[in-house]
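Novice: fold the following and give me the result.
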Amino acid sequence: MKKHFMICVNNRGYEASLEIRKIYEVLSDKTAEKHHQLRVVDESGEDYLFPEDYFASVRLPSATKEKLELIAA
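Specialist: Predicted coordinates for the structure are as follows:
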């Protein structure tokens, strides 16, 4: 499963699971994407589906992305 990272910009209804302005690991899920959702590893450490518009793309320096991928592994 391909991973990437996005920043949370809305957590309405998911306050216990998501923090605004926090970077989250997003797992590739083509089925979820067809329904405008993202599979995100949330505060529990598990992956769940959330509305795609709750997240925004973020460009990270390569070194930062590598460190986050190591932590997420």
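Novice: looking at this, residue 68 is in a helix?
Specialist: Yes: the assignment for residue 68 by DSSP: H, G, I helix; E, B strand; the rest coil puts it in a helix.
Novice: how close does it get to residue 6?
Specialist: Residue 68 sits 11 Å away from residue 6, going by C-beta to C-beta, to the nearest Å. For glycine as for every other residue, the C-beta is placed from the backbone atoms N, C-alpha and C.
Novice: which neighbours do those two share?
Specialist: Both residue 68 and residue 6 are in contact with residue 23, where contact means C-beta atoms under 8 Å, 6 or more residues apart in numbering.
Novice: figure out the helix or strand that residue 15 lives in.
Specialist: Under DSSP states H and E, no helix or strand contains residue 15.
Novice: neighbours around it, how many?
Specialist: Using other C-beta atoms under 10 Å, the number of residues around residue 15 comes to 10.
Novice: how about it, phi and psi?
Specialist: phi -60, psi -30 (degrees, to the nearest 10).
Novice: same deal with residue 12?
Specialist: Per degrees, to the nearest 10, the backbone of residue 12 is at phi -50, psi 120.
Novice: then residue 55?
Specialist: Torsion angles, degrees, to the nearest 10, at residue 55: phi -130, psi 150.
Novice: could you count how many residues lie near the closest residue to it other than its chain neighbours?
Specialist: Excluding the flanking residues, the one nearest residue 55 by C-beta to C-beta, 6 or more residues apart in numbering is residue 6, at 4.0 Å. Counted with other C-beta under 10 Å, residues neighbouring residue 6 total 17.
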